[in-house]
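Participant: Fold the following and give me the result.
(chains A and B)
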Amino acid sequence: MKEIVIISGKGGTGKTSVAAALAFIVPKAVMADCDVDAADLHLILKPEIRTSEDFYSGVKAEIDPGMCIGCWECERVCRFNAISHASSIYKVNPLDCEGCGYCNQICPAQAISLPQQMVGQCFVSDTRFGCRLVHAKLGIGADNSGKLVAKVKKEAKQEALRTGMDYILVDGSPGIGCPVISSLSGADFVILVTEPTLSGLSDLQRVWQLTAQFNIPAGCLINKADLNSQITAQIKDYLAQQGIWHLDDLPYDEDFSRAITLGQSLVEYNPGKWKTRFDIIWQSISKELK
Amino acid sequence: MKIAIASGKGGTGKTTLAVNLALRAAESTRVTLVDLDVEEPNSGIFIKGDLIREQQMFRLVPQWEKELCTRCGKCAEVCLYNAVLKLGETIMVLPQLCHSCHACSELCPVGALPMRDQPLGYLRHYRLGKLDFIESKLDIGVEMASPLIGQTLDYVRTNCPETNITFQDCPPGTSCAVINATKHADMVILVTEPTPFGLYDLSLAVDTMRHLGKSIAVVINRQGIGNEDVFRYCEAEKIPVWAVLPNRREIAELYSRGEIIYPKVEQFRQGLDAILQKLDALPRTI
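Facilitator: Numbering: from 1, shown residues only, chains lettered A, B, ... in the order given. Predicted structure coming up:
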């Protein structure tokens, strides 16, 4: 079983459009939406939820006002400025609390508890494309998106093993921080989706430096390639220099937003234009993975 | 007045709006623009100012002092992030899991885990006319963006006291990095595009900002693609739409080259001026 992760560094370059196109084409695949704080793949795949699980990770401090003796120790040790007091009433601001538990350790009156936090929900669903989708919804204001990403990946792997699938296709999140690092762990191949803008190039370079630390082979799709041919050429030079495989140039095309607006994958929306193209992209990736 | 520019979905035009708005406002008043998308900061591509300060940023993580340690295991017991582990006679610190809470260090009975600087990235401060521009860039492989975001906002508070308005270019999404970038702002402008992806991610961002108790306004970018659902949503949720910016290839091309949009696209400039008027009309208490 092989795991393929789609990332971009920069947001809005077309990761989810590419993932939805491949979902239509790749045989024997489980899809995993690891952009857990702004997941969009379900808007195209229209999942029917089979199982749903609350996901708990980490704690937050709570002060029992009946037991608090107002000694100020908790507020003094909190490095996140999450504890404040008005007269002798001490309070935790849950938005600032990072759940380290230092206050709980140091409280002489044992007035501070550390309830587990529900970070979000994780779903395994059927989709209209026939493939399963593992997806999640991060709770509002919740921390630990990296842990939820790891949970989605773990569920996707189990689902693939259980149902005898050959591939896991992961739609990643923008950036280079913890959710992206979490989505890269254990991946066999990375698809980098970029665009020929100075921002796109800069973000591609940063996300590739991260990917290279994991020693994962990568291919790059240059989306909107005709928007700026000079920067497209610069990107190709960079790919060649770094040993990243250039998969294809996709045109600046309103089909992307039109397909999304109809809730369709590009390949469904306009098969004549996109089917062969994504077939070829997939054939070359799958050959590489063998 | 601190204005955060955020969005659920990436690539809707946060940086384009933040940069153009800040430069337009700086034609007449002291403005600070701070790029808090520390994982992938791009505002600096568009602003050619003079570098007035560059500094490396750090956070504190514990470092094991083998000779002092009595192997009592208290440090590993108090660390809820599993960042400090006791493996036999060795104490192992995993900085990427550490939140810098100091519990292990301060509760160690013999002071064998002093806190030491760990690099996070670099902050750069530029000036261009009446504009102060500050950007921070996270080192590759550093997991946590939030400490750098918090320290960058601290820097702005200390070093830009003369400013009349601060624009904060935020990361995409709705996770902890976004919360840290927006939680002290007086107002949040959410940039979206009129597609189902834009709408869904906008609704997540609205829920998050309401949870934080923020007042919000929406700017709809790339008008002309998609459908009318974002407008209907804003109307139903009673969220003011402060500007509607057009979908034009010309704008995408200017952006691709790192150029400023409003001097060349009249309709875009009008949108910015409408937003600045709205900001001007806000009560001065914020």
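
Participant: Share the number of residues neighbouring residue 266, please.
Facilitator: I'll assume chain A. A:L266 has 27 neighbours, counted by other CB atoms under 10 Å in any protein chain shown. The C-beta positions use only the backbone N, C-alpha and C, and glycine is treated the same way.

Participant: could you do chain B instead?
Facilitator: B:E266 sits with 9 neighbouring residues when counted by other CB under 10 Å.

Participant: now it: how far from B:E250?
Facilitator: Remark: distance between B:E266 and B:E250 (CB to CB, to the nearest Å) = 11 Å.

Participant: Kindly report the same for A:S183.
Facilitator: Applying CB to CB to A:S183 and B:E250 gives a distance of 35 Å.

Participant: again, but for A:A136
Facilitator: To B:E250, A:A136 is 38 Å away according to CB to CB.

Participant: Show the contacting residues for the residue nearest to A:D54 when sequence neighbours are not counted.
Facilitator: Excluding the flanking residues, the one nearest A:D54 by CB to CB, 6 or more residues apart in numbering or on different chains is A:M118, at 5.4 Å. Residues in contact with A:M118 (CB atoms under 8 Å, 6 or more residues apart in numbering or on different chains) are A:D54, A:F55, A:Y56, A:G139, A:A142.

Participant: tell me which of the residues you listed is nearest to A:D37?
Facilitator: A:A142 (8.7 Å; CB to CB).

Participant: residue contacts, the closest one?
Facilitator: If you count contacts by CB under 8 Å, 6+ apart, A:A142 has them with A:Q117, A:M118, A:V119, A:G120, B:S175, B:C176.

Participant: which among the residues you listed end up buried?
Facilitator: A:Q117, A:V119, A:G120, B:S175, B:C176 (16 or more other CB atoms under 10 Å in any protein chain shown).

Participant: sec struct for the closest residue to A:G186 other than its chain neighbours, please.
Facilitator: Leaving out its chain neighbours, the residue that sits closest to A:G186 by CB to CB, 6+ apart is A:E3, at 6.3 Å. Of the three states, A:E3 takes strand under DSSP: H, G, I helix; E, B strand; the rest coil.

Participant: Is A:E3 in contact with A:D188, as I believe?
Facilitator: Yes. Between A:E3 and A:D188 there is a contact under CB atoms under 8 Å: 5.2 Å.

Participant: who has more neighbours, those two?
Facilitator: It is A:E3, of A:E3 and A:D188, that has more neighbours when counted by other CB under 10 Å, with 24 against 15.

Participant: Any figure for the gap between the more buried one and chain B?
Facilitator: Distance, A:E3 to chain B, using CB to the nearest CB, to the nearest Å: 20 Å.

Participant: ok so, going back, neighbour count for A:A136 and B:E250, which is higher?
Facilitator: A:A136 (26 against 12).

Participant: List the beta-bridge partners for that one.
Facilitator: Beta-bridge partners of A:A136, counted by DSSP bridges, are A:C122.

Participant: Backbone dihedrals for the closest residue to A:G70 other than its chain neighbours, please?
Facilitator: Spatially, and ignoring its direct neighbours in sequence, A:G70 is nearest to A:S88 (3.9 Å; CB to CB, 6+ apart). Note on A:S88: its backbone torsions stand at phi -110, psi 20 [degrees, to the nearest 10].

Participant: now A:R76
Facilitator: Dihedral angles (degrees, to the nearest 10) for A:R76: phi -60, psi -40.

Participant: do the same with B:G44
Facilitator: Dihedral angles of B:G44 (phi, psi; degrees, to the nearest 10) stand at phi -60, psi -20.

Participant: Identify the bridge partners of the nearest residue to it once chain neighbours are set aside.
Facilitator: Nearest residue to B:G44, sequence neighbours excluded (CB to CB, 6+ apart): B:E135, at 4.9 Å. Per DSSP bridges, the residues bridged to B:E135 are B:D35, B:R124.
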